[in-house]
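Undergrad: Generate coordinates for the sequence data below:
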Amino acid sequence: MNWHNTPFRYGSLSIGLHWLMLLLFVAVYGSIELRELFEKGSDPREMLKSWHFMLGITVFILVWLRIAARLGGPAPAVVPEPEKIQQLAAKLLHLALYVLMIAMPISGYLLLSAAGKPIPFFGLELPALIDTNKELAKQIKEVHEFVGSAGYFLIGAHFVAALYHHFIVRDNTLTRMLPEKK
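TA: Below is the predicted model:
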């Protein structure tokens, strides 16, 4: 088990963080979508919103570890090498996903701060980053929801691209991010 990336495949740290982030994305999006099943102000709805906030902050914390892991070794080569336009598209999509993993938790934190709401984090209440400002909270909420919706597209595009490369192009794009077979 190699923790570091090699020229041929991602290391266990990168692989583990990649799939953990996927699970966190499912939980973050799932919790905010499932809240709609419950009446406003109900305990289950408030619990799901709290989980959404806490998991979002967890994404923010872990993305920095993920960036460090990515910078800690070479990205494994895709074999056969894709066309330059595909390489550029992949880099832009990955950049957009990293921006999503950083910007969404920050905007969510700012939204709660501006709304004057508590910022829960697994038994802690984090301090507000800005003063209460209901008008600013509305503006941040619009941006947060728009970018969150765009996140569905980005995550879906990443998923479709991985399947395209695996089943149609038949390169090693997906297998580089799968655990090694023993």
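Undergrad: okay, CA-based contacts and neighbour counts for the rest of this
TA: Fine.
Undergrad: okay, which residue is most central for the chain?
TA: For the chain, the residue nearest the mean C-alpha position is residue 101 (4.2 Å; C-alpha atoms, centre = their mean).
Undergrad: quick one, what contacts it?
TA: Residue 101 is in contact with 59-60, 63, counting by C-alpha atoms under 8 Å, 6 or more residues apart in numbering.
Undergrad: In helices, which of the residues you listed fall?
TA: Using DSSP state H, 59-60, 63 are the members of these that sit in helices.
Undergrad: ok now stretch 101-108, how far from the chain's centre?
TA: Between the centre of stretch 101-108 and the centre of its chain there are 9 Å (C-alpha atoms, centre = their mean, to the nearest Å).
Undergrad: Quick one: mean pLDDT over the longest helix belonging to the chain.
TA: Looking across the chain with DSSP H, the single longest helix is helix 84-115. If you average the pLDDT over helix 84-115, you get 98.
Undergrad: After it, which helix or strand is next? Please name it.
TA: strand 119-121 (DSSP states H and E).
Undergrad: Strand partners (parallel or antiparallel) of that next one?
TA: Strand 119-121 pairs in its sheet with strand 124-126 (antiparallel), by DSSP bridges.
Undergrad: Give me the residues contacting the partner strand.
TA: 118-120.
Undergrad: starting at the chain centroid, how far to it?
TA: 22 Å.
Undergrad: following that strand, which helix or strand shows up next?
TA: In the C-terminal direction from strand 124-126 (assignment by DSSP H and E), the next one is helix 134-163.
Undergrad: What is that following helix packed up against?
TA: The elements that helix 134-163 packs onto, with contact taken as 3 or more C-alpha pairs under 8 Å, 6 or more residues apart in numbering; DSSP states H and E, are helix 84-115.
Undergrad: pLDDT below threshold where in this structure?
TA: 1, 182 (pLDDT under 70).
Undergrad: what's the neighbour count on the residue nearest to residue 44 when sequence neighbours are not counted?
TA: Leaving out its chain neighbours, the residue that sits closest to residue 44 by C-alpha to C-alpha, 6 or more residues apart in numbering is residue 38, at 6.7 Å. Around residue 38 there are 13 other residues, counting by other C-alpha atoms under 10 Å.
Undergrad: shift numbering so it begins at 643
TA: Got it, the first residue is 643 from now on, which makes the last one we talked about residue 680.
Undergrad: residues making contact with stretch 694-705?
TA: 659, 663, 666-667, 669-671, 673-674, 740, 743-744, 746-748, 750-751, 761-764.
Undergrad: Show the buried residues in those residues.
TA: 659, 663, 666-667, 669-671, 673-674, 740, 743-744, 746-748, 750-751, 761-763 (16 or more other C-alpha atoms under 10 Å).
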